[in-house]
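Student: Sequence plus predicted model, see below.
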Amino acid sequence: MLRRRTEAKTAPDPAANSTRPSPKSLVMMALAGAASLLSFEPFGWWPVQFLALAYFFYQVGMGTQAKRGVWLGWAFGFGWSVAGMHWLYIAVTRFGGLPAILGAIAIALLGLYMGLFGAFAGGVASWLRRKWSLPVAAFVLLVLPAAWGVSEWMRGWVFTGFPWAASGYAHNVSPLGGYAPILGVYGVGVLAALCSGCIVMLTQRARWPALSLFAAVMMGGFTLKFIDWTQEVGQPVTVRLLQGDVRQDQKFDMAYLVEIIGRYQGLITASPADLIATPETAIPVTPQQLPPEYLAGLQRFAAETRSHLMIGIPMRDSETRYANSVIALGPDTAPYRYDKFHLVPFGEFIPPGFRWFTDLMSIPLGDQTRGQPLQAPFPVKDQLVLPNICYEDAFGEEIAAQLRNAPRPATLLLNVSNLAWYGESVAIPQHLQISQMRAIETGRPMLRSTNNGATAVIDGRGKITHALPFYGRGVLEATVRGTEGFTPYVRFGNHAFLLLGGLMLLCAWFAGRQYRHRVS
């Protein structure tokens, strides 16, 4: 009898079962989603994310209609996405040439699209609640976190994916970051959602079990941070990471070409190092457009000083085929080239049917050739360096696959980026946080060479050991030692996260079945 009274106490409010929430409810939900911005860098207030998700879960949990869950999820996802990626407005207007009103419309449309993944989470979770007759605890602690995690995973690959501001990124420094080498960023997001569910359960009678579960999840992640999943290997290498601070409105202007290539030539040849890396498209033209002696002179410097150079430059294979690439010049190595595999829609490739939209903007190198999914690392003494270009390090499963499937896995990761497209916005610290998560997932140090930030060295635990200030010219010098061995995430990719989500749904189904037997 006591058990039945407890379940009745947690039943949904019938007044909240209308299929469409009020406009005020949708606005409040969008604001809750937008508040998640504070959980990411440069703010780093990761507990705010628990509260934002808890508010979303609580409001969805007040009703049982799937359509209500869809509307609330869409509003939450819209606010989350527009706040987290508002800096795209700078790229399409200030540097892309799109009129301000059209730029605002474009970002709003992106938010409407991204909100669909939140709608999926809220709608599917509410539908399963009705279908399985779930008690509140199973719905809030199992179904909603699993649905949220799956929606973020889908956002990372549907239509090539846009996983920026996935919830797990906020927890590179929180105790939940300890789970990243096992479950990856999406699994960390599921556990963050589970913690939010525990907060919701404080409104029910099962407060102490909820608090105990919250503490156990956090303590588990804290404990896992002490495990060394990979081991240092080989001799340390000296690195020089260049930050040229070329203005974006000058970068592809041929009137500034001589100055730009001269600037990087000077930075490269200022002193030797085992590895010298430039940012993405540091050289903004193809080799065919450079003075004949330019690359030859850099090759001579590499040979004479025993340095290894990794240079961001577009590579042209024909009049219509060119790639966003990194080439390497070394003292005694074969020519090396890495081509960007995961291209940015509208910025680096044109989706079918959208050429009219890209024609409204003046974005150079806007229709590129895709590289291969598996590309070899570049040897630098005892280390093997695997580059990735800008946005590519937002796709942890692809970097894990590169390591897992390589005949000789990389020991160091190198990200080369140009975020000057986004002005002085939160994009730079957010991208640095993404690179930190990649280092934690793989157990590999991550080197970053960028145009205007964040140029940094990150160790295999995700800690920033060296960094340059943003928005200035400089050279970051450090000594780095790579690692070998695979974390569970590298071995299994997102399968462990999907298994976790599947087990949570299975437990929820079983809990619903048991609940139906008790009340029948």
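Tutor: Cool, the structure landed.

Student: CA atoms for contacts and neighbours, from now on please.
Tutor: Fine.

Student: in stretch 104-115, what's buried?
Tutor: In terms of neighbour count (16 or more other Cα atoms under 10 Å), stretch 104-115 has its buried residues at A104, A106, I107, A108, L110, G111, L112, M114, G115.

Student: Can you get me a residue count around the nearest residue to the first one once chain neighbours are set aside?
Tutor: So the one you mean is A104. Among residues not flanking A104 along the chain, Y89 sits closest, at 6.8 Å (Cα to Cα, 6 or more residues apart in numbering). If you count neighbours by other Cα atoms under 10 Å, Y89 ends up with 22.

Student: Let the chain start at 761 from now.
Tutor: Fine by me, first position is 761 from now on; the one you just mentioned is Y849.

Student: element containing Y849, please.
Tutor: Y849 is part of helix 848-850, with elements assigned from DSSP states H and E.

Student: Run the chain-centre distance for that helix.
Tutor: If you compare the mean C-alpha spot of helix 848-850 with that of the full chain, they lie 18 Å apart, counting by Cα atoms, centre = their mean, to the nearest Å.

Student: Could you give the separation of the helix or strand hosting F877 from the chain centroid?
Tutor: Take DSSP H and E as the rule and F877 turns out to sit in helix 860-892. The gap between the average C-alpha position of helix 860-892 and the chain average comes to 19 Å, counting by Cα atoms, centre = their mean.

Student: same for that helix, what does it pack against?
Tutor: Using 3 or more Cα pairs under 8 Å, 6 or more residues apart in numbering; DSSP states H and E as the contact criterion, the neighbours of helix 860-892 among helices and strands are helix 807-821, helix 826-844, helix 848-850, helix 904-915, helix 1255-1279.

Student: residues in contact with the last one?
Tutor: For helix 1255-1279, contacts defined as Cα atoms under 8 Å, 6 or more residues apart in numbering pick out 764, 892-895, 898-899, 902-903, 906-907, 909-910, 942-944, 946-947, 950, 1249.

Student: which element follows the helix-or-strand element of the chain with minimal mean pLDDT toward the C-terminus?
Tutor: Averaged element by element with mean pLDDT, DSSP states H and E, the chain has its least confident helix or strand at helix 762-769 (a mean of 39). Tracing the chain C-terminally past helix 762-769 and defining elements by DSSP H and E, one meets helix 783-795 next.

Student: Return the list of helices and strands in contact with that following helix.
Tutor: In this structure, helix 783-795 packs against helix 807-821, helix 826-844, with contacts taken as 3+ Cα pairs under 8 Å, 6+ apart.

Student: at 6 Å instead, please
Tutor: In this structure, helix 783-795 packs against helix 826-844, with contacts taken as 3 or more Cα pairs under 6 Å, 6 or more residues apart in numbering; DSSP states H and E.

Student: How far does the helix it packs on sit from its chain's centre?
Tutor: 20 Å.

Student: Quick one: mean pLDDT for it?
Tutor: When pLDDT is averaged along helix 826-844, the result is 97.

Student: ok, now stretch 985-995?
Tutor: Stretch 985-995 carries an average pLDDT of 97.

Student: Ends of that stretch, what's the gap?
Tutor: 25 Å (Cα to Cα, to the nearest Å).

Student: List the buried residues in it.
Tutor: When neighbours are counted by 16+ other Cα under 10 Å, the buried residues of stretch 985-995 are found to be K985, W989, T990, E992.

Student: what about D1219, distance to A1187?
Tutor: With the distance defined as Cα to Cα, D1219 ends up 21 Å from A1187.

Student: do P781 as well
Tutor: Counting by Cα to Cα - P781 and A1187 are separated by 33 Å.

Student: repeat for H1068
Tutor: Taking Cα to Cα as the measure, H1068 falls 30 Å from A1187.

Student: These two: which is more packed in?
Tutor: Counting neighbours by other Cα under 10 Å for H1068 and for A1187 shows that H1068 has the greater number, 27 against 24.

Student: Which phi and psi values does the more buried one adopt?
Tutor: phi -120, psi 120 (degrees, to the nearest 10).

Student: beta partners of it?
Tutor: For H1068, the residues forming beta bridges with it (DSSP bridges) are L1035.

Student: Next one: it from G1213, what distance?
Tutor: When distances are taken as Cα to Cα, H1068 and G1213 turn out to be 22 Å apart.

Student: what do you get for W887?
Tutor: Using Cα to Cα, we find W887 at a distance of 45 Å from G1213.

Student: Drop anything exposed from the contacts of helix 1255-1279.
Tutor: 892-895, 898-899, 902-903, 906-907, 909-910, 942-944, 946-947, 950, 1249.

Student: you'd agree G1220 is in a strand?
Tutor: No: note on G1220: no strand contains this position according to DSSP: H, G, I helix; E, B strand; the rest coil, which reports coil.

Student: What is the neighbour count of V808?
Tutor: 18.

Student: again with Y1275
Tutor: Counted with other Cα under 10 Å, residues neighbouring Y1275 total 17.

Student: Next: the one 4 residues further on.
Tutor: Residues within reach of V1279, counting by other Cα under 10 Å, total 9.

Student: What of R854?
Tutor: If you count neighbours by other Cα under 10 Å, R854 ends up with 17.

Student: Same check on P783?
Tutor: For P783, the count of nearby residues is 9 (other Cα under 10 Å).

Student: now L1103
Tutor: A count of nearby residues for L1103, using other Cα under 10 Å, gives 23.

Student: Just say helix, strand or coil for it.
Tutor: Three states are possible here, and by three-state DSSP the one that applies to L1103 is coil.

Student: what about it, distance to W840?
Tutor: Separation of L1103 from W840 (Cα to Cα) stands at 23 Å.

Student: same check, this time on S799
Tutor: Distance of S799 to W840, computed by Cα to Cα: 11 Å.

Student: Comparing the two, which shows the higher neighbour count?
Tutor: Neighbour comparison, S799 and W840: the larger count goes to W840, with 28 against 21 (by other Cα under 10 Å).

Student: what residues are up against that one?
Tutor: With Cα atoms under 6 Å, 6 or more residues apart in numbering as the criterion, the residues that contact W840 are G793, A794.

Student: run the last query once more with 8 Å
Tutor: With contacts defined as Cα under 8 Å, 6+ apart, W840 is in contact with A790, A792, G793, A794, A795, S796, L797.

Student: And R915, by the same measure?
Tutor: By Cα under 8 Å, 6+ apart, R915 lies in contact with M874, F877, G921, F922, P923.

Student: ok, now with 10 Å
Tutor: Counting by Cα atoms under 10 Å, 6 or more residues apart in numbering, R915 makes contact with M874, G875, L876, F877, G878, G909, G921, F922, P923, W924, A926.

Student: my guess is the fifth one contacts G829, does it?
Tutor: So that's G878. Yes: counting by Cα atoms under 10 Å, G829 is a contact partner of G878 at 9.2 Å.

Student: which residue is nearest the centroid of this protein?
Tutor: Residue closest to the mean C-alpha point of the chain, counted by Cα atoms, centre = their mean, is A1154 at 3.4 Å.

Student: distance of it from D1092?
Tutor: The spacing between A1154 and D1092, counted by Cα to Cα, is 33 Å.

Student: Kindly report the same for L862.
Tutor: For L862, the distance to D1092 (Cα to Cα) stands at 51 Å.

Student: M1014 now?
Tutor: The span separating M1014 from D1092 equals 33 Å under the rule Cα to Cα.

Student: ok, now L832?
Tutor: Taking Cα to Cα as the criterion, L832 is separated from D1092 by 59 Å.

Student: which one of the two has more residues nearby?
Tutor: Neighbours around L832 and D1092, counted as other Cα under 10 Å, are more numerous at L832. The numbers are 31 against 11.

Student: deepest of the helices and strands packed on helix 860-892, which one?
Tutor: Most buried of these by mean neighbour count (mean count of other Cα atoms under 10 Å) is helix 826-844; its value is a mean of 27.

Student: Alpha carbons of that one, as PDB, please.
Tutor: The C-alpha atoms that make up helix 826-844 are tabulated as PDB, following Å, rounded to 0.1, in the frame of the first residue of the first chain:
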ATOM      1  CA  ALA A 826       4.700  12.800 -27.000                       C
ATOM      2  CA  LYS A 827       3.800  16.000 -28.900                       C
ATOM      3  CA  ARG A 828       4.400  18.000 -25.700                       C
ATOM      4  CA  GLY A 829       7.800  16.400 -25.300                       C
ATOM      5  CA  VAL A 830       8.600  17.300 -29.000                       C
ATOM      6  CA  TRP A 831       7.800  21.000 -28.500                       C
ATOM      7  CA  LEU A 832       9.700  21.300 -25.300                       C
ATOM      8  CA  GLY A 833      12.700  19.500 -26.700                       C
ATOM      9  CA  TRP A 834      12.700  21.600 -29.800                       C
ATOM     10  CA  ALA A 835      12.600  24.800 -27.800                       C
ATOM     11  CA  PHE A 836      15.400  23.600 -25.500                       C
ATOM     12  CA  GLY A 837      17.600  22.400 -28.400                       C
ATOM     13  CA  PHE A 838      17.000  25.700 -30.300                       C
ATOM     14  CA  GLY A 839      18.200  27.800 -27.300                       C
ATOM     15  CA  TRP A 840      21.100  25.500 -26.700                       C
ATOM     16  CA  SER A 841      22.300  25.600 -30.300                       C
ATOM     17  CA  VAL A 842      21.800  29.400 -31.000                       C
ATOM     18  CA  ALA A 843      23.600  30.300 -27.800                       C
ATOM     19  CA  GLY A 844      26.400  27.800 -28.300                       C
END
